[in-house]
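A.B. asks: pasting the sequence and the predicted model now:
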Amino acid sequence: MAAVATLLCGSAVAGQQRFRRRAAPSFNASGAHVSYAAHLVRRGQLRPALFPAPSFGDLSLPAPTSGRLLRTPASASSSDSAGQANPDGFLQRNPALVTGFFFFMWYFLNVIFNILNKKIFDYFPYPYFVSVTHLSVGVLYCLISWSTGLLKRAPINSTILKLLLPVAVCHAIGHVTSTVSFAAVSVSFAHTIKALEPFFNAAASQFILGQQVPFTLWLSLAPVVIGVSIASLTELSFNWTGFINAMISNISFTYRSIYSKKAMTDMDSTNLYAYISIIALIVCIPPAIIIEGPQLVQHGFKDAIAKVGLTKLVSNIFLAGLFYHLYNQVATNTLQRVAPLTHAVGNVLKRVFVIGFSIIVFGNRITTQTGIGTCIAISGVALYSVIKAKIEEEKKRTTERLALVSL
């Protein structure tokens with residue numbers, strides 16, 4: 001675990017050194033925060049970079065001249081020697097292995113978090129308090145990283161704080177309601193409901209932000225709505241508490257995405273998520289005390305300790321919080337290494353892995369109709385993700401071409 005933390009924070013620090021300017025992150029359905037396109041400044045030019053390329057080092061990009069690159073023999077030989085030099089270190093020579101490792105850790109941490117988190121509710125059914133512990137462990141992780149120098153803390157002022165406040169509030173509401181949903185229904189059904197988040201994102205873009213959503217995207221969302229409806233009708237673990245909280249979570253994360261787009265800042269994504277977690281923790285503590293505090297004091301802790309013991313209770317809650325924070329951070333680092341389309345497909349496959357492993361581990365009985373509905377919904381999400389990623393990539397290519405023409 002220490003090696004994972006070192007690799008993650010090292011990637012974040014390297015990212016700060018490579019990028020001169022970075023936009024604020026958006027977020028995905030599982031709570032993972034997603035960075036917008038960063039930019040590299042080279043020789044006075046502003047060039048978009050979809051993901052960092054550690055194997056290239058500090059590469060200077062010359063300005064285009066008459067459709068081809070012109071260079072003197074001296075500069076050619078020096079640049080050739082630099083470009084042909086083999087990067088030092090095994091990881092630098094094998095970037096595909098590093099990317100594969102990040103995908104593996106993203107899936108592994110997410111699956112372990114969902115399974116461990118669900119098992120905690122068997123003997124400690126207090127989702128509001130558990131939500132607070134998730135954020136508390138993440139905040140502790142960030143504070144330790146800052147204090148030890150593993151991660152350089154970015155300064156924050158009142159202006160940035162005002163921008164991050166609505167993002168953090170939506171993050172807090174979305175996380176708490178997600179946890180309540182996971183406590184009330186099966187993990188597989190909760191993730192099936194949360195597959196509706198792209199529908200809410202599209203609706204918010206169309207009717208709140210006034211951004212025209214292509215008709216093809218709306219068509220791709222039809223299987224998602226139909227699939228969730230079919231799965232809900234025959235889900236054995238269905239109850240309104242789980243369903244309503246999952247829907248509130250979808251809406252909250254949609255608004256979080258909207259506010260994050262408005263909260264543009266030069267702060268790197270790792271520090272940004274740390275500050276958002278701190279604010280979200282402050283927001284989550286009062287309702288947890290009000291709603292579950294008296295029960296916890298009277299019998300909640302005593303009952304859980306009597307069932308599994310103090311050591312297992314504390315260690316499982318701590319590990320769930322650690323896995324929650326790490327999988328969100330890994331999701332961001334993974335996006336920085338791959339194209340948006342690859343990340344979108346990977347996110348869909350991650351949900352399939354979580355649903356599949358949860359059914360195996362917990363032995364959840366599902367009806368044929370629920371299984372068919374879940375497959376339809378996940379297929380719709382996959383189709384939506386692919387179409388949207390291709391549209392975004394085309395927009396970025398168009399913006400890049402226009403920027404080059406204007407130079």
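C.D. replies: Great, that's in hand.
A.B. asks: please identify the helix or strand for Phe103.
C.D. replies: helix 95-123 (DSSP states H and E).
A.B. asks: helices or strands up against that helix?
C.D. replies: Taking 3 or more C-beta pairs under 8 Å, 6 or more residues apart in numbering; DSSP states H and E as contact, the helices and strands that helix 95-123 lies on are helix 127-148, helix 158-184, helix 187-194, helix 301-308, helix 310-335, helix 340-362. (C-beta placed from N, C-alpha, C; glycine too.)
A.B. asks: what bits of the chain have low per-residue confidence?
C.D. replies: The chain contains residues with pLDDT under 70 at 1-88, 91, 264, 339-341, 343-345, 407.
A.B. asks: check it for its longest helix and report it.
C.D. replies: Secondary structure of the chain read by DSSP state H shows that its longest helix is helix 368-406.
A.B. asks: what helices and strands are in contact with it?
C.D. replies: Packing partners of helix 368-406 (3+ C-beta pairs under 8 Å, 6+ apart): strand 45-49, helix 187-194, helix 197-207, helix 215-234, helix 340-362.
A.B. asks: so what touches the second one?
C.D. replies: By that I understand helix 187-194. Outside helix 187-194, the residues that touch it by C-beta atoms under 8 Å, 6 or more residues apart in numbering are 29-30, 114-115, 118, 178, 181-182, 227-228, 231-232, 235, 237-238, 242-243, 246-247, 249-250, 351, 354-355, 358-359, 362, 364, 366, 370, 373-374, 377-378.
A.B. asks: what of the fourth one?
C.D. replies: Residues from elsewhere that reach helix 215-234 (C-beta under 8 Å, 6+ apart): 189, 192-193, 195-196, 198-199, 202, 238, 243, 367, 369-370, 372-381, 383-384, 387-388, 391.
A.B. asks: just the buried ones among those, please.
C.D. replies: Neighbour counting by 16 or more other C-beta atoms under 10 Å classes 189, 192-193, 195-196, 198-199, 202, 238, 243, 370, 373-381, 383-384, 387-388 among these as buried.
A.B. asks: re the thing from before, so which of the helices and strands packed on helix 95-123 comes closest to Phe207?
C.D. replies: helix 158-184 (17.5 Å; C-beta to C-beta).
A.B. asks: how far away from the center of its chain is the closest one?
C.D. replies: 13 Å (C-alpha atoms, centre = their mean, to the nearest Å).
A.B. asks: which helices and strands does it pack with?
C.D. replies: Using 3+ C-beta pairs under 8 Å, 6+ apart, helix 158-184 sits against helix 95-123, helix 127-148, helix 187-194, helix 240-262, helix 269-295.
A.B. asks: tell me the buried residues in that helix?
C.D. replies: For helix 158-184, by 16+ other C-beta under 10 Å, it's 160, 163-164, 166-184.
A.B. asks: tilt between that helix and helix 269-295?
C.D. replies: Computed by axes from the mean of the first three to the mean of the last three C-alpha atoms, to 10 degrees, the angle separating helix 158-184 from helix 269-295 equals 50 degrees.
A.B. asks: quick check: angle from helix 158-184 to helix 310-335?
C.D. replies: Using the same axes, to 10 degrees: helix 158-184 against helix 310-335 is 120 degrees.
A.B. asks: picking that back up, what's the angle from the helix holding Phe103 to helix 310-335?
C.D. replies: Using the same axes, to 10 degrees: helix 95-123 against helix 310-335 is 150 degrees.
A.B. asks: quick one: distance of helix 95-123 to the chain centre.
C.D. replies: For helix 95-123, the separation from the chain centroid amounts to 12 Å (computed by C-alpha atoms, centre = their mean).
A.B. asks: may I see the buried residues of that helix?
C.D. replies: So for helix 95-123, counting by 16+ other C-beta under 10 Å, buried means 98-99, 101-103, 105-118, 120-121.
A.B. asks: what is the neighbour count of the closest residue to Ala184 other than its chain neighbours?
C.D. replies: Nearest residue to Ala184, sequence neighbours excluded (C-beta to C-beta, 6 or more residues apart in numbering): Gly242, at 3.4 Å. Close neighbours of Gly242, defined as other C-beta atoms under 10 Å, add up to 21.
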